[in-house]
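Novice: Prediction below, plus the sequence it came from.
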Amino acid sequence: MSARCIGRTATVVGTVVVSALLTSLPAAAANATRALFLTQRFTPSSAPASEPLAARLVALRGETEGFQLVIRARASRLQARLSSGSDSFLSGKVRLLRVGFVRIEHPSTGIGFKRGLYADPLPAQVQGSAMRARGWAGFVVLVDSPHGAAPGVYRGAIEIRSGERLLATRPFSIRVAGLQAITGDDPRSFRAIGGLSRSWYERFAPTASFRLDGGAQARAQTRNLLGFLSEHQMTPIDIPTEQGLEDYQRLPWPAKLLPNRLGSFFIQRDWSSRGAGHLRSLWASWQSRDWIAPNTYFWVWDEPAGTTERRDVPAINQLVHGNAPGVKTFMTGFPYLRGRISGKSNRHLWDGGADDVDAWAIAPHRFYGRWTTRLERRAGIDRSQERRRSIGKLSRAGKEVWSYTYFMPTRSIPQLVIDGPPTDPRLLMLWNAHEGNSGWLVWQIARWVDGRRMRQNRLAPRDPYRDTISSTTPEGGVANGDVSLVYPPVARQYGLSDPTAPPVTSLRFESLRDGIEDANLVTLYRERFGAQRARRALGRVFGSVRLPAGVGWTWRRYRHEGLARRMEKARRRIIVRLERAPKRADSSGKALPLGFSIRAEGVR
């Protein structure tokens, strides 16, 4: 992934090889810190043991990799910087973010661990503002591996200081593999899409009025927001502003969305009266600027049923395919066949023709099957994977299969809440890769409004730094941060005052980015070795389909214990096997070096 716009103020210095520096360090300084994966969690009062692989990064060319650097702080103010003894390759490629905490008063229903402080927001270091700390404190070290980077191992060290006093130095390395990552606008790229409301965003990052600056601040905010999302390979459902359209089109996106809502027009309400004209006009504008691409989609409907599924959805599909050639339709839903899962069928939406849905986003708990009664088992009926068979037919019909998620109070399917297992966000993307899904949708990534009320209109603002409940279930269950994956760029407690800066990222959002990169890596592996071997490569992460306790649907077995290490080891084994595959070449046709063995990587 290209160098990203978060944390631009991080101190970055580098000139010579780090080994000379490390030999001169006191042992206490070298051992005073702990290195953790981004998918691990620490609190001010406790931190897990250091993870040997965490600070030995491995990245494809075009990826970003990182780790948490944790220190038991007795100083009140901490700052981190790249040591001057680091390899020159690292200059300009290392970003250092602070690990912030939020307080959870009501644990997420069915999954949250307990009340208390949870690491999540990752504010940038700001000149003149150091991190106040007592007990365990931490930084996130992110290293960009550019697409043109030369394969090899590069070494560096991070210094943690309190004022001018050096508290600790931690060495790290990054091995740039001899493989190119799939870029964001590559047709093979995993499509991640998330909702973002500009009005909710501006409440916590207000810009100057148009009369004062002619809209300069608002344009800068939109430009930086879009850049941040593009660099995390997350397409916004709605383009933030009309003025931001040019910036949007200049950036690489895994998917682009033709707006289904513009001005007073909304497709679900106005398709029969104004749909054809809206689509023709919009398509002509985009087509004239060469903006229509194979990854351009139009969101038709969210979970249609009844008359909507029988009449409205196929009619809108025909409108899109007839008036916006080259644009694909997608919706959230499930491919039903009469007599199998229920008495209804929507086969008319995937049987071929202009009225078909091109991409189907399916909730994870609907991917496999459901509980089989004792009577059914006696009759030789097994419903544990019947839904998977329907999805298989959908895929063989040439339709794209995506997933979409919303909060479910269970630990049997990965969730996005702050107080759930920290491995969940990355695991969710890796599961999509395991199943060969083309994309994933989350309905909001910055729902900074009252999470205890779910009506979309006239909701009170919610400061996600202070109030973590972002949504509730119909049964009254609460979710902390499931649709609030980033934080406002203005945060006085961290010295952040620029409303035009990108949003503050989070441990969960960076784990999602890692997971999206994992999904693209598995795509490379599937292309080289086939789907079956790609699934086997993740066999130490995902087990067989089974019925979790207390639910009526089936899902893949996985264990939380040691999962952060198992996911990373699986990823590194895939990289090594791809590197060692014969007849590999870069874009110039030049053969690449074989790279490290699995034994050398320490990931047997």
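Specialist: Nice, I can see it.

Novice: OK, contacts around the most centrally placed residue in the chain?
Specialist: When Cα atoms, centre = their mean is applied to the chain, the residue found nearest the centroid is residue 512 (2.7 Å). The contact partners of residue 512, taken as Cβ atoms under 8 Å, 6 or more residues apart in numbering, are 192, 232, 234, 425-426, 428-429, 485. In this view, the C-beta of every residue, glycine as well, is placed from N, C-alpha and C.

Novice: now swap in residue 219 and tell me
Specialist: 243-244.

Novice: element containing residue 470, please.
Specialist: strand 469-472 (DSSP states H and E).

Novice: got a winner among the contacts of residue 512 for most neighbours?
Specialist: Highest neighbour count within the contacts of residue 512: residue 485, with 30 neighbours (other Cβ atoms under 10 Å).

Novice: Would you quantify the distance from it to residue 104?
Specialist: 16 Å (Cβ to Cβ, to the nearest Å).

Novice: which ones are touching residue 504?
Specialist: 6, 121-124, 486-489, 491, 494, 496.

Novice: thinking residue 556 is in contact with residue 545, fair?
Specialist: Yes - with contact defined as Cβ atoms under 8 Å, residue 556 counts as touching residue 545 (5.7 Å).

Novice: list residues touching both of those two?
Specialist: Common neighbours of residue 556 and residue 545 (Cβ under 8 Å, 6+ apart) are residue 368.

Novice: In terms of neighbours, single out the busier of those two.
Specialist: Counted by other Cβ under 10 Å, residue 556 and residue 545 do not tie: residue 556 has more neighbours, with 20 against 15.

Novice: which residues in the stretch 51-200 of the chain form strands?
Specialist: 56-61, 64-73, 77-82, 94-98, 101-104, 116-119, 121-122, 131-132, 135-144, 152-162, 165-180, 191-194 (DSSP state E, counting those that start in this stretch).

Novice: Go through those strands and pick out the most buried.
Specialist: Of all these, strand 121-122 carries the top mean neighbour count, a mean of 29, counting by mean count of other Cβ atoms under 10 Å.

Novice: Partner strands of that strand, with direction?
Specialist: strand 505-506 (antiparallel) (DSSP bridges).

Novice: Run the chain-centre distance for the helix or strand that the strand it pairs with is followed by.
Specialist: Next along the chain after strand 505-506, taking DSSP H and E as the criterion, comes helix 507-529. Relative to the centre of its chain, helix 507-529 is centred 10 Å away, using Cα atoms, centre = their mean, to the nearest Å.

Novice: following helix 507-529, which helix or strand comes up?
Specialist: Next along the chain after helix 507-529, with elements defined by DSSP H and E, is helix 531-537.

Novice: Show me what counts as buried in that following helix.
Specialist: 534-535, 537 (16 or more other Cβ atoms under 10 Å).

Novice: Just put those residues in CSV and tack on pLDDT and distance to residue 440.
Specialist: Below are these laid out as CSV (pLDDT from 0 to 100; distance: Cβ to Cβ, whole Å):
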residue, pLDDT, distance to residue 440
534, 97, 17
535, 96, 18
537, 97, 20
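
Novice: Break down the stretch 351-500 of the chain into its strands, ranges please.
Specialist: Secondary structure of the stretch 351-500 of the chain (DSSP E, counting those that start in this stretch): strands at 359-362, 400-405, 439-442, 469-472, 478-480.
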